[in-house]
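1. sharing a model that was predicted from the sequence below.
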Amino acid sequence: MRPRGNLPPLSLHVPEPKFRPGDAVDFADVDVPPAGSARRPDTAEPANTFTELAYTMVRVLDEQNQAVGPWNPRLSPDTLRRMLRHMATVRAFDERMFRAQRQGKTSFYMKCLGEEAVAVAAAHALDAEDMCFPSYRQQGLLIARGCPMVDMMNQIYSNTGDKLQGKQLPIMYSEKRFGFFSISGNLTTQYPQAVGWAMASASKGDTRIAATWCGEGSTAEGDFHSALTFATVYRAPVIFNVVNNQWAISSFSGFAGAEATTFAARAVGYGIAGLRVDGNDALAVYAATAWAAERARTNAGPTLIEHFTYRTEGHSTSDDPTQYRSAGEPTAWPLGDPIRRLKDHLVTIGEWDDARQEAMDREVAEEVKSAQKAAEKNGILGHGLHQPLDTLFDGVFEEMPWHLREQRQMMIDEETASGRPWARK
């Protein structure tokens, strides 16, 4: 069929990032509203009465490092210092594990540099019994909840101390002790799982809620939308966190729809409460999470929180961001560094100083170093088989079916005939 001559031809819009390698960076068009300007509705208010909060930004720390406005959670200095220490620990942990990968001690690692407030502040705002369904950049949840770093490192090294027996990609932790659901490499599988868990909690008359995290690119996955549909229909007690760090592996947020609207606006179409939050403001993240948790716990329904932040490092140790984005972006990001902002707030209110910050940084660096030494006694990549080969078949079925028993025996027979050591230790 020939095009009609009186109409212009159709065309498609292909999103393009504003800056490419070598470009000068100017984030002047990023709208950063004044701290304290967003209203804080009552947690019982219907979601359709505050839809504007999906398009502005909840911020607490102002340019003078003061906590201002209705979202100020008014946390004690001790709580703020604990949050600061946990964020600093996450950063030190990331740096050491990143170097371990570069040294060939493990195969893979993912940093959360610049995003530490997203997980740490949320962990402080949630109850310790609440269930977390994370993505792969929320290691701060485990550290803030007290998971031993040695256990985390054992998993990264897939060594003899790895409780997952080397069956998960490094950094895909699973910690039932700390309410941390198994991380999946498949994007957004955790969203419907979190909703299902929350619905089960409500069905049992429990008081525990669920919280889940994904990157902004993952909002394009079908699981994201299925989860939101179930959550709004059944008013599941769940918090959806979308970490908008501007970049997926090598494609910018525009490919997930960022040019058209905010990611918090996804909530509006589902009738869910939506908040857009300064993800580099630990107090704002805490306040938004605490508000959403109260809303869920009082049967007022789910909340979607978009954490507006920036991925400072590459997507993982397998990624080179200099190939697709300007080198000037991380330092030009207008919302600053989350650790520095919280530290400056504590200094401003007279509850911290540079000397204590330096001492704390040395302490957490030593703690991470000691944990690494302990973990490496259990083995690192390249030191041979850390788990008995026949454990490959364990941990899937409560009772192993006949066909897997046959396959395991075939493997054992072949290994025995080859003369290679395989036996369970």
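-> Nice, thanks for sending it over.
2. how many neighbours does residue 390 have?
-> A count of nearby residues for residue 390, using other Cβ atoms under 10 Å, gives 15. (Each C-beta comes from the backbone N, C-alpha and C, glycine too.)
3. okay, it and residue 30: tell me how far apart.
-> 55 Å (Cβ to Cβ, to the nearest Å).
4. now do residue 88
-> Relative to residue 30, residue 88 is positioned 27 Å away (Cβ to Cβ).
5. which of these two has more neighbours?
-> A count of neighbours by other Cβ under 10 Å puts residue 88 above the other of residue 88 and residue 30, at 21 against 13.
6. shouldn't residue 275 be in contact with residue 306?
-> Yes - between residue 275 and residue 306 there is a contact at 7.2 Å, judged by Cβ atoms under 8 Å.
7. which residues are common contacts for these two?
-> Common neighbours of residue 275 and residue 306 (criterion: Cβ atoms under 8 Å, 6 or more residues apart in numbering): 54, 264.
8. how far does the one helix or strand residue 363 maps to sit from the chain's center?
-> Under the criterion of DSSP states H and E, residue 363 resides in helix 354-376. The chain centroid and the centroid of helix 354-376 are separated by 23 Å, computed with Cα atoms, centre = their mean, to the nearest Å.
9. could you do stretch 235-251 as well?
-> Distance, stretch centre to chain centre, for stretch 235-251: 8 Å (Cα atoms, centre = their mean).
10. that one: which residues count as buried?
-> For stretch 235-251, a neighbour-count test (16 or more other Cβ atoms under 10 Å) marks 235-248 as buried.
11. how about stretch 391-410?
-> Within stretch 391-410, the residues that qualify as buried by neighbour count (16+ other Cβ under 10 Å) are 392, 408.
12. now swap in stretch 353-370 and tell me
-> 357, 360-361, 364-365, 368.
13. distance to residue 291 for those residues - can I get that in TSV?
-> Output for the buried residues of stretch 353-370, formatted as TSV (distance: Cβ to Cβ, whole Å):
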residue	distance to residue 291
357	29
360	29
361	31
364	30
365	34
368	33
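14. can you map out the strands along this protein?
-> 131-133, 210-215, 238-244, 273-278, 303-308 (DSSP state E).
15. now stretch 288-303: how far from the chain's centre is it?
-> Per Cα atoms, centre = their mean, the centroid offset for stretch 288-303 relative to its chain is 19 Å.
16. average pLDDT across that stretch?
-> Summarised as a single mean, pLDDT over stretch 288-303 is 98.
17. quick one: residues in contact with the helix holding residue 363.
-> Contacting residues not belonging to helix 354-376 are listed as 84-85, 88-89, 92-93, 96, 100, 105, 148-150, 153-154, 156-157, 159, 161, 343, 347 [Cβ under 8 Å, 6+ apart].
18. pick out the most distant pair among the buried residues of stretch 235-251.
-> 235 and 247 (33.3 Å; Cβ to Cβ).
19. got any ranges where the stretch 51-200 of the chain has weak pLDDT?
-> Judged against pLDDT under 70, the stretch 51-200 of the chain has no low-scoring part.
20. any idea how far the residue nearest the centre of the chain lies from residue 120?
-> With distances taken as Cα atoms, centre = their mean, the residue of the chain nearest its centroid is residue 138 (3.4 Å). Separation of residue 138 from residue 120 (Cβ to Cβ) stands at 9 Å.
21. cool, residue 73 as well?
-> In terms of Cβ to Cβ, residue 73 sits 14 Å off from residue 120.
22. which one of those two is surrounded by more residues?
-> Neighbour count, other Cβ under 10 Å: between residue 73 and residue 120, residue 120 has more, with 33 against 21.
23. so that one is in contact with residue 82, correct?
-> No - the pair residue 120 / residue 82 is not scored as a contact, 9.3 Å apart, by Cβ under 8 Å.
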